[in-house]
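Novice: Predicted model, plus sequence, below.
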Amino acid sequence: MKWFWYASPQTFYPLAGTIARWCAIAAALLAAAGLYIGLVVAPTDAQQGEVYRIIFIHVPAAWMSMFLYVVMALWAALGLALNTRLSAMMAAALAPTGALFTFIALWTGSLWGKPTWGTYWVWDARLTSELILLFLYFGFIALRAAIEDPRRADRAAALLAIVGVVNVPIIYFSVQWWNTLHQGASVSLTRAPSMAATMLIGMLLMALAAWMYSIAASLARLRAIIRERERDTEWLRMQRAAA
């Protein structure tokens, strides 16, 4: 496959539509399977009871909130270093989805915290750094919107995204670096999972569903950005005429 062929908005535009459609279908199927296993098949937790089932939304959302920020920053850095239009557009397309998952992680974490900790919110290291991540997403989106020149907006937002990456390892390692109320990771690459197999399967299916949704939503948004920024180009006028 000629990868550099798709480095242009013109050539990537139709491919993005195809990938987005298939990923949307995969996201729906994976979410249905994951929710069924998580809410129906998985056993009740011995300590937390039924309230633990919020992990099937909370944990995948938290994972994606951090992962999408790193991916967004990588695309922004690539656009800044190589001055490529599509890279900057991709970073812009990822930001709203990342902000959405960060909000979901904070919201579901608060709902989980009330019966577990007795309060919806504490200025815990994990929660506070996750809240900062949400502000970084908002700042990236707002900065791009505040600057009229798209290329200047891309460069300014890229710098913010790159600087903000330092917050991601702080979120991940906060439960190890400080004494926090937030529990440690239930799933790790270096040790066996501390949960039943059905719980793990349900959570991983939901994580894959979130991943597929992120690709579908981001690529659909990328196509909208391309249509906005390339609206005066001949190829897009021909695309509209053919449609």
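Specialist: Perfect, I can see it now. Not measured: the values here are computed from a predicted model. Residues are numbered from 1 along each chain as shown.

Novice: pull the CA atoms of the helix or strand containing Leu160 into CSV?
Specialist: Using DSSP states H and E, Leu160 sits in helix 150-164. Below are the C-alpha coordinates for helix 150-164, written out as CSV (Å, rounded to 0.1, in the frame of the first residue of the first chain):
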residue,chain,number,x,y,z
PRO,A,150,-5.9,27.9,10.2
ARG,A,151,-2.2,27.3,9.9
ARG,A,152,-1.4,29.6,12.8
ALA,A,153,-4.1,28.0,14.8
ASP,A,154,-2.7,24.5,14.0
ARG,A,155,0.8,25.5,15.2
ALA,A,156,-0.4,27.2,18.4
ALA,A,157,-2.7,24.3,19.3
ALA,A,158,0.1,21.8,18.5
LEU,A,159,2.4,23.4,21.0
LEU,A,160,-0.3,23.2,23.7
ALA,A,161,-0.9,19.5,22.9
ILE,A,162,2.7,18.6,23.0
VAL,A,163,3.3,20.4,26.4
GLY,A,164,0.2,18.8,27.8
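
Novice: Check which element follows whichever strand or helix holds Phe12 along the chain.
Specialist: Secondary structure assignment for Phe12, by DSSP H and E: helix 9-36. Toward the C-terminus, helix 9-36 is succeeded by helix 55-82 as the next helix or strand (DSSP H and E).

Novice: how many neighbours does the residue lying closest to Pro115 once chain neighbours are set aside have?
Specialist: Excluding its sequence neighbours, the residue lying closest to Pro115 (Cβ to Cβ, 6 or more residues apart in numbering) is Val51, at 5.0 Å. (C-beta placed from N, C-alpha, C; glycine too.) Using other Cβ atoms under 10 Å, Val51 is surrounded by 14 other residues.

Novice: I figured Val51 hits Gly113, correct?
Specialist: No. If you go by Cβ atoms under 8 Å, Val51 and Gly113 don't touch, sitting 10.3 Å apart.

Novice: Identify the residues contacting Leu78.
Specialist: By Cβ atoms under 8 Å, 6 or more residues apart in numbering, Leu78 lies in contact with 84, 87.

Novice: Just the pLDDT for it.
Specialist: pLDDT, Leu78: 92.

Novice: returning to that earlier point: what about the helix holding Phe12, average pLDDT?
Specialist: For helix 9-36, the per-residue pLDDT averages 93.

Novice: With stretch 126-142 instead?
Specialist: The pLDDT scores in stretch 126-142 average 93.

Novice: residues of that stretch that come out buried?
Specialist: 126-131, 133-134, 136-137, 140-141 (16 or more other Cβ atoms under 10 Å).

Novice: Please apply the same query to stretch 103-118.
Specialist: Residues of stretch 103-118 classed as buried: 103-106, 108-110, 112-113, 116 (neighbour count, 16+ other Cβ under 10 Å).
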